[in-house]
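K.L.:
Sequence first, then the predicted structure:
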Amino acid sequence: PSRPFTPYNVFFQLERERILQEHGEGYAANPPKTKDDNLSVRPPSYRNLILSKNWYIAGSKKEGRLFDKTKRRAHGVVTFVELSKQISENWAAVDEQVKEYCTLMSHEDTKRYRIEMDVFIDKYGYDSVKRTYKKRRNNVEFEVKSCVSEKSVKRTDQL
């Protein structure tokens, strides 16, 4: 299962959509089939955004967007670096109401993650999710327990 979004990740998704929709891109240009109807819960500054029903869920296949990398095209509004800088500055200055909302949505995603992990563990066993890390001086060794068979994967990284 995909790990849950943190409150900052939720804020990043909101701000990204706000910025894109101000320029006529994002969901405004290609609306999703199922829209988020919880406008009353959102902070006032985000109530006018068009969002997918599961926009806050990490790894969800959001309708209205292309996820095939070969068919994906850039929106051309802002580069990822500029977007990241702008959103991180906005996060530092955001009001408490927006932070509470992002935390609430993050908790909803965490609930989803825990349910999916319980199902995964019931199906494949607890050993399928465990990892043990052994650090050495110039490399890192990962022992990964697979749900199909046990195997050891070694990877050398410069520290």
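P.N.:
Nice, I can see it.

K.L.:
average model confidence for stretch 97-111?
P.N.:
Across stretch 97-111, the average pLDDT comes to 93.

K.L.:
got it, and stretch 39-49?
P.N.:
For stretch 39-49, mean pLDDT is 88.

K.L.:
measure that stretch end to end?
P.N.:
9 Å (CA to CA, to the nearest Å).

K.L.:
Which stretches in the chain count as helices?
P.N.:
Counting by DSSP state H, the chain has helices at residues 7-22, 80-92, 96-124.

K.L.:
Tell me the spacing between residue 110 and residue 126.
P.N.:
Applying CB to CB, to the nearest Å, the value for residue 110 to residue 126 is 19 Å. In this view, the C-beta of every residue, glycine as well, is placed from N, C-alpha and C.

K.L.:
Please say which of the two ends up with more neighbours.
P.N.:
residue 110 (15 against 10; other CB atoms under 10 Å).

K.L.:
so the more buried one touches residue 4, yeah?
P.N.:
Yes. Residue 110 is in contact with residue 4 according to CB atoms under 8 Å; the separation is 4.4 Å.

K.L.:
hmm, back to that, tell me which of the helices of the chain sits most buried.
P.N.:
Highest mean neighbour count among the helices of the chain (mean count of other CB atoms under 10 Å): helix 7-22, with a mean of 19.

K.L.:
Mind listing residues that contact it?
P.N.:
Outside helix 7-22, the residues within contact range by CB atoms under 8 Å, 6 or more residues apart in numbering are 5, 26-28, 45-46, 49-51, 55-56, 58, 75, 77-78, 83, 86-87, 90-91, 94, 98-99, 102-103, 105-106, 109.

K.L.:
mind saving the C-alpha coords of that helix as CSV?
P.N.:
Output in CSV follows, covering the C-alpha atoms of helix 7-22 (Å, rounded to 0.1, in the frame of the first residue of the first chain):
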residue,chain,number,x,y,z
PRO,A,7,0.0,17.4,6.4
TYR,A,8,2.7,19.1,4.3
ASN,A,9,2.0,16.7,1.4
VAL,A,10,-1.7,17.4,1.6
PHE,A,11,-1.0,21.2,1.6
PHE,A,12,1.3,20.7,-1.4
GLN,A,13,-1.5,19.0,-3.3
LEU,A,14,-3.9,21.8,-2.4
GLU,A,15,-1.5,24.6,-3.3
ARG,A,16,-0.4,22.9,-6.5
GLU,A,17,-4.1,22.7,-7.7
ARG,A,18,-4.7,26.2,-6.6
ILE,A,19,-1.8,27.5,-8.6
LEU,A,20,-2.6,25.5,-11.7
GLN,A,21,-6.3,26.3,-11.6
GLU,A,22,-5.5,30.0,-11.4
